[in-house]
Each structure stands twice: as structure tokens, then as C-alpha cells.
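Chemist: this one's sequence-less:
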């Protein structure tokens, strides 16, 4: 509608006919009777900031709140938060934020343009779909869903709305060390993949950790244990760098180190389509643990350990040397290089900033939400294989694992103990 203004640069918030979405309209600086908003197709509308809401104010939700409140996400404005625990909300109201006691209320509030979902795993799919259907842009914390079948439902809902951005929180993708390793692998510097091993046992957790919430480390609350919770970022980086395996054989320990009903110890064998092999080993019951990531190819090896990336290059590819060398025990000459790997500052904030830029400017998403299905599938299939005691070909049958998971939930007899624990610095638990 026409609005009079006196030589101003005011912004108007309006609803237009394009799927009833909210846009910022620029006001032309003209004399009062000629001051009209510029209205046109969506690509001509100006939106100079994104109003962001966060649902789930647990550990990681608070990290996102802090990043936004501290101005670490340019053009991203935190306007509202939500959590089912009402006692958490007054502190956020005191900061000038709108608060809601459910995701549904926050989604329908009209206070936000985009939603970050940081709730327990099983709510990621339902809240994600509801937010997309309400016309919001969506960023989902890891995992994008508790299991593959749900991930497929969420991805389908996002695919049906290509004008809305759907991102995943996979911050290892902005870490220079993994960016460099991916460059080495996908650029062919390591040659054809022969072997990949990731020993990620630096996840030690005491019983108090598992007793801190009634949903933690349960089939019903999380849908799994160390793989779906702690290791999702490593599993995402693994498939982002070398791709998905074609076959998996998992060996899992259910409550091996703790009084829980899900896996806390895993050794998994991986096979790839080109004949390469791999292993993924993790645990929350081992200390001191290790974080060793090694990729071997025909042209060399990349080894990441103790915050050092060492690349060893063969002067002649190993397969070529094997065919042509006249000396049985001799190996090709090698060169060794240590590649600097500075840590990414505020990696979570970088992903949210990229999400905002995608909304406002069309910048490509670093971690498209749909790409999050790879890590979910790996976490699911490793457990499923371990429970069945047999190898499983990929892509796995998501419906079969969903049925098995529902069976585990229905037949659960584990008595969960909960205690009040100290409020430690959650960020100290992050691993790279």
C-alpha cells in the first residue's frame, strides 16, 4: 500500500503474492506523495538481513545463540528462541528476544525468516518439514535426521521448495585441514584410493555425561550412540573427502563401557567400489584416545594426527612401480611435506554466515542439507550391520533400519538414570 514518508530511507516489511513470503521493501527517497515501495518479482526485492530463530537451547543451541548475539554472523539477527523447558526462557526474554515453548509456536510466530534446529535428533525431521512448509529457510544441526528414511523425507520436503535454503551444520567442512585433504584426494594428488583408516577414539565420556539427560544415549531419544552423536562430523568429513563405501561390516559394543542401551564402541570395515578398503574405529570409553586419519593412494599418503598434516608423495605411482621395477624389495623414492593447517575461527558461525549469504545473495551452501544424508547412512549402517552380524551393501535399505530401530525402541527395557551435572564448557568437547 502507498505510505507517506518525508525524504526517508525507511524499510517496510510486507507480504507479497509470491507464496506469501516476507520480504524487505526498499523505500525510494522521494517527496511524500510519490514515496512508494519498489515491488517486483522476488529477485528484485531487497532483504538486507535475516531474522533467525533457534529451537533447542541445549549445549549447541547456546553456542549458536552466543555467536549471533556477539555479532559473529553478519546480517544475521537473532530475534526468537524456543525450548520445551520453560525455565530456560526468561533469561532470553531479558535479552530482548521473543521466546516460545515449542517449535511449532516459533515456526508460526511470524518473527523469523530462518530457523536453526538444535533439538534432540528425532525432532529434526518433523520440525524441519514444518518450517519448510511454513516458508522458512532451515538449517539443521547434525544429524539432519535420526535415520536415513527420515532424512529422505526431510530432503524431499526441501527439494519441493527450491527457493528456500536448506543447510546442514557440518563445520568440519570449513576446517583448512579437511579442505586440504579433500583437495589432495579429489585433485588426484594421492592417485587412486587404496586404503583409508580413521581411528577416532578421543571421545571419552564419563557416566555422568550419559546421565545428564533422559533422552541421551537411548534408541528413542537419539536413535544411536557414539556414531550418531559424537562421530557424525567425522563421518560427514569421511564421505565428503573419499565418497561413500559400497559395503560395510560393523562390529559394535552396546553399552560396552557405560550403562547405556546404544553403541559406545565401534570397529567397522569398509569396502569401496574401486576395490579400496577402509576402517573406522571409535569409542567413548577409551582414554587417552586417538584421532588419526590416514589416506593411502597410488601416488602417496596423507596422515593427519596431533594437529599435523603430513603428505608423503611417491616419485612413481605404486602400481606403475610394481609393474615396471626389476627389484622385488625396492620402493619408489618419496618426498615428505608437512602442510600448515591453521584452525578455523568460529567454525559454527562461519556455517551460519554462509547460510545467511545463501539466503540474501545466492551464495552456494558449504554444507547443503541434502548432503547430510551420507553421514546419517554411515552411522545407521554401521550399527545395523553390527546388530545383524553381517555385511551390508550400500545404499542401505532405510526402511529396513527404520523398522529395526522402532523395534529396538518398543522392546527397550533399559532403566535410564538421570542426575544433575556441572555446567562445563561444552565447546571443550569439540574435536577437529
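Modeler: Received, thanks. From a predicted model like this one, the values you see are computed outputs, not experimental measurements. Residues are numbered from 1 along each chain as shown.

Chemist: tell me the SS of the closest residue to residue 90 other than its chain neighbours?
Modeler: Once flanking residues are discounted, residue 90 sits nearest to residue 99: 8.0 Å by Cβ to Cβ, 6 or more residues apart in numbering. Quick note: C-beta positions are derived from backbone N, CA and C, even for glycine. Assigned with DSSP: H, G, I helix; E, B strand; the rest coil, residue 99 falls in the strand class.

Chemist: residue 99 against residue 87, yeah?
Modeler: No - contact criterion Cβ atoms under 8 Å: residue 99 and residue 87 do not qualify, at 11.4 Å.

Chemist: neighbour-wise, which of these two wins?
Modeler: More crowded of residue 99 and residue 87, by other Cβ atoms under 10 Å: residue 99, with 20 against 7.

Chemist: spit out the contact partners of that one.
Modeler: 80-82, 89-90, 92-93 (Cβ atoms under 8 Å, 6 or more residues apart in numbering).

Chemist: for the stretch 1-150 of the chain, which segments count as helices?
Modeler: Under the criterion DSSP state H, counting those that start in this stretch, the stretch 1-150 of the chain contains helices at 59-69, 89-93, 103-107, 123-133, 148-159.

Chemist: using CSV, lay out the contacts of residue 99 together with neighbour count, distance to residue 176 and pLDDT.
Modeler: Rendered in CSV, the data for the contacts of residue 99 read as follows (neighbours: other Cβ atoms under 10 Å; distance: Cβ to Cβ, whole Å; pLDDT from 0 to 100):
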residue, neighbour count, distance to residue 176, pLDDT
80, 21, 34, 98
81, 30, 32, 98
82, 29, 34, 98
89, 18, 38, 97
90, 10, 40, 97
92, 20, 34, 97
93, 11, 39, 97
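
Chemist: which two from these end up farthest apart in space?
Modeler: Distance extremes for these: the farthest pair is 80 and 90 at 14.5 Å, using Cβ to Cβ.

Chemist: secondary structure class for residue 222?
Modeler: At residue 222 the chain is in coil, as set by three-state DSSP.

Chemist: next one: residue 280
Modeler: strand.

Chemist: against which helices or strands is the host helix or strand of residue 266 packed?
Modeler: Element membership for residue 266 (DSSP states H and E) is strand 263-271. The contact analysis (3 or more Cβ pairs under 8 Å, 6 or more residues apart in numbering; DSSP states H and E) places strand 263-271 against strand 247-254, strand 277-283, helix 373-388.

Chemist: quick one: which of the ones you listed is nearest residue 108?
Modeler: Closest to residue 108 of the helices and strands packed on strand 263-271, according to Cβ to Cβ: helix 373-388, at 27.4 Å.

Chemist: the inter-axis angle of the closest one versus helix 123-133?
Modeler: Using axes from the mean of the first three to the mean of the last three Cα atoms, to 10 degrees, the inter-axis angle of helix 373-388 relative to helix 123-133 is 150 degrees.

Chemist: in helix 373-388, what counts as buried?
Modeler: Applying a neighbour-count criterion of 16 or more other Cβ atoms under 10 Å, one finds 373-387 buried in helix 373-388.

Chemist: and that helix, how far out from the chain middle?
Modeler: Counting by Cα atoms, centre = their mean, to the nearest Å, helix 373-388 is centred 16 Å from the centre of its parent chain.

Chemist: distance check, residue 243 against residue 374.
Modeler: Look at residue 243 and residue 374: by Cβ to Cβ, to the nearest Å, they are 9 Å apart.

Chemist: let me fix that, I meant to ask about residue 104.
Modeler: 29 Å.

Chemist: can you check residue 335 too?
Modeler: The spacing between residue 335 and residue 374, counted by Cβ to Cβ, is 33 Å.

Chemist: list just the nearest of the buried residues of helix 373-388 to residue 352.
Modeler: Of these, the one sitting nearest to residue 352 (Cβ to Cβ) turns out to be residue 375, at 19.0 Å.

Chemist: report the contact partners of residue 232.
Modeler: Residue 232 makes contact with 142-143, 375-376, 379 under the criterion Cβ under 8 Å, 6+ apart.

Chemist: looking at these, spot the one nearest residue 182.
Modeler: Nearest to residue 182 among the contacts of residue 232, counting by Cβ to Cβ, is residue 375 at 14.9 Å.

Chemist: quick check: that closest one touching residue 145?
Modeler: No - here residue 375 lies out of contact with residue 145, judged by Cβ under 8 Å, at a distance of 10.5 Å.

Chemist: where do the strands of the stretch 101-250 of the chain begin and end?
Modeler: According to DSSP state E, counting those that start in this stretch, the stretch 101-250 of the chain carries its strands in the segments 114-117, 137-140, 166-168, 193-200, 247-254.

Chemist: which one of those strands lies closest to residue 217?
Modeler: Using Cβ to Cβ as the measure, strand 247-254 is the one of the strands of the stretch 101-250 of the chain that comes nearest residue 217, at 10.6 Å.

Chemist: could you name the helices and strands sitting against the closest one?
Modeler: Strand 247-254 packs on strand 263-271, helix 373-388, strand 392-393, going by 3+ Cβ pairs under 8 Å, 6+ apart.
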